[in-house]
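**Q** Whatever this is, show me its structure:
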Amino acid sequence: MADHSEDGRACVALASLRDEICNRYARALRRVGPHYATRPWDELLETAGQATDAYLAVLCSGDWEPMDRFIGAIARKRFAQRFPMSEVQRAFTVFRELCHPELTARVTGGGMDDALSVLDRTVDEAIHRFSDTYQQLHLDEMNRQAAELAEAHTRLHEQYRSVEEAARIKGQFYANMGHELRSPLNAILGYTELLLDGIDGPVTEEQRRDLERIVASSRYLLKLINNILDMARFEAGRVEVDARPFDVGAVVVEARDTVAPLALRKDLDLRVDVPGGLRFTSDPDKVKQILINLLANAVKFTPRGKVVCTVRREGSELVLEVCDTGIGIAPEDRERVFEKFYQANRSVAGEYRGTGLGLPLCRLLAEVLGGEIGLESEVGHGSRFWVRLPESQLAAGGEG
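**A** Residues are numbered from 1 along each chain as shown. The predicted model follows:
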């Protein structure tokens, strides 16, 4: 291989050892770092051959085109394989470490320093060109990811606007439907109770039983409507806490009276036990709703026996308990009963109708008040539901 430059000695010396250098280079690559250590031998041997030929093209004729092609290909490949740039840079320097002893042994006289200098400059330039290429790949990747992130952000913003609009429409729909459903239902309840009070004259026992069934069914339907609307408000994030001091006994009695017709129809013993004069600071409407749902749930799943509601203060907490002698809840269902629309006791689902929203709503109400809910149950021996609610911070400021 002819070369008329004064640096041709490096070319002549290394070209004659081309195959040996390739094999030694491939073995050395395995020791460069953990990423190279896992590559197949055939791949390392191919890479070593391409690198050696590219170096020789520069050393022998000053032609950088093969080296630039090799650098571009190896940079893209190692970048795709997520090689650290420093590990690939180290692989370039290994060629110098292999060739230095060979040049020292084969080039004599003053030409040795020139040959080593040519080799060093070539390797340094190759590393420089590789580093620029690798960094550009990183920059291109970062720009691509930034563009994808911006596009995803735009899509997410558009989806958020769509969801926000859908929530607004749903909220307006529920508000309108709430009014449209509650108004006639309250009218039915009001007129039926007037009939029971004898405003249009005495009613027979048979008529009274029929009217009481209308009242009970209307109240049950009103409770279902309220649960559905309240769940929708929770999902829309439109639930606010109106904490104020209230008479706990009065709230418990109101809840009992709401559920009493349902218990009367099943001839159940419905009791409440609350200390007289007990006052607490929280949202009384939400506390009453929790009690109504727990009592209604207990009445629904109690074929015979009793349902007892006990309320007491423990330190700064209000404890609500509802116990029944009903059918009980299997261990595998005790957590799932708090999931929306889940119906335990599916074998008797036709007998115990419902939306599956009462207990999930109790949990949401308890949590929004800063409390918690739980249960204990045994199949065939009834259940005990409990709720612990912390007193609102308004208590510290009195009732003013």
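
**Q** alpha carbons only for contacts and neighbour counts from here, please
**A** OK.

**Q** can you tell me which helix in the protein is longest?
**A** Ranked by residue count under DSSP state H, the longest helix found in the chain is helix 111-196.

**Q** which other helices and strands contact that one?
**A** Under the contact definition 3 or more Cα pairs under 8 Å, 6 or more residues apart in numbering; DSSP states H and E, helix 111-196 sits against helix 8-15, helix 41-61, helix 65-80, helix 85-106, helix 205-235.

**Q** Among these, show me which one is buried the most.
**A** helix 8-15 (a mean of 22; mean count of other Cα atoms under 10 Å).

**Q** Distance from the chain centre to the helix or strand following it, please.
**A** The helix or strand immediately downstream of helix 8-15 is helix 18-29, counting by DSSP states H and E. Relative to the chain's own centre, helix 18-29 is displaced by 52 Å; criterion: Cα atoms, centre = their mean, to the nearest Å.

**Q** likewise stretch 314-322?
**A** 32 Å.

**Q** Can you give me the buried ones in that stretch?
**A** Buried residues in stretch 314-322, counted by 16 or more other Cα atoms under 10 Å: 317, 318, 319, 320, 321, 322.

**Q** helices or strands up against the helix or strand harbouring residue 389?
**A** Here residue 389 sits within strand 383-390, counting by DSSP H and E. Applying 3+ Cα pairs under 8 Å, 6+ apart, one finds that strand 383-390 contacts strand 317-324, helix 358-368, strand 372-377.

**Q** what about the ones you listed, which gets the closest to residue 93?
**A** helix 358-368 (63.9 Å; Cα to Cα).

**Q** which helices and strands sit right next to that closest one?
**A** helix 205-235, helix 284-300, strand 372-377, strand 383-390.

**Q** so what strands line up beside the third one?
**A** When pairing is defined by DSSP bridges, strand 372-377 lines up against strand 383-390 (antiparallel).

**Q** Distance check, residue 79 against residue 133.
**A** From residue 79 over to residue 133 the distance is 10 Å, taken as Cα to Cα, to the nearest Å.

**Q** now do residue 215
**A** Applying Cα to Cα, one obtains 81 Å for the distance of residue 215 from residue 133.

**Q** same thing with residue 266?
**A** Taking Cα to Cα, one finds residue 266 at 82 Å from residue 133.

**Q** Neighbour count for the two, which is higher?
**A** Using other Cα atoms under 10 Å, the more surrounded residue of residue 266 and residue 133 is residue 133, with 18 against 14.

**Q** The more buried one and residue 70 touch, don't they?
**A** No - Residue 133 lies out of contact with residue 70 (Cα atoms under 8 Å); the separation is 11.3 Å.

**Q** pLDDT of the strand holding residue 389, averaged?
**A** When pLDDT is averaged over strand 383-390, the result is 95.

**Q** chain center to that strand: distance?
**A** 28 Å.

**Q** Could you tell me the angle between that strand and helix 284-300?
**A** Using axes from the mean of the first three to the mean of the last three Cα atoms, to 10 degrees, the inter-axis angle of strand 383-390 relative to helix 284-300 is 170 degrees.
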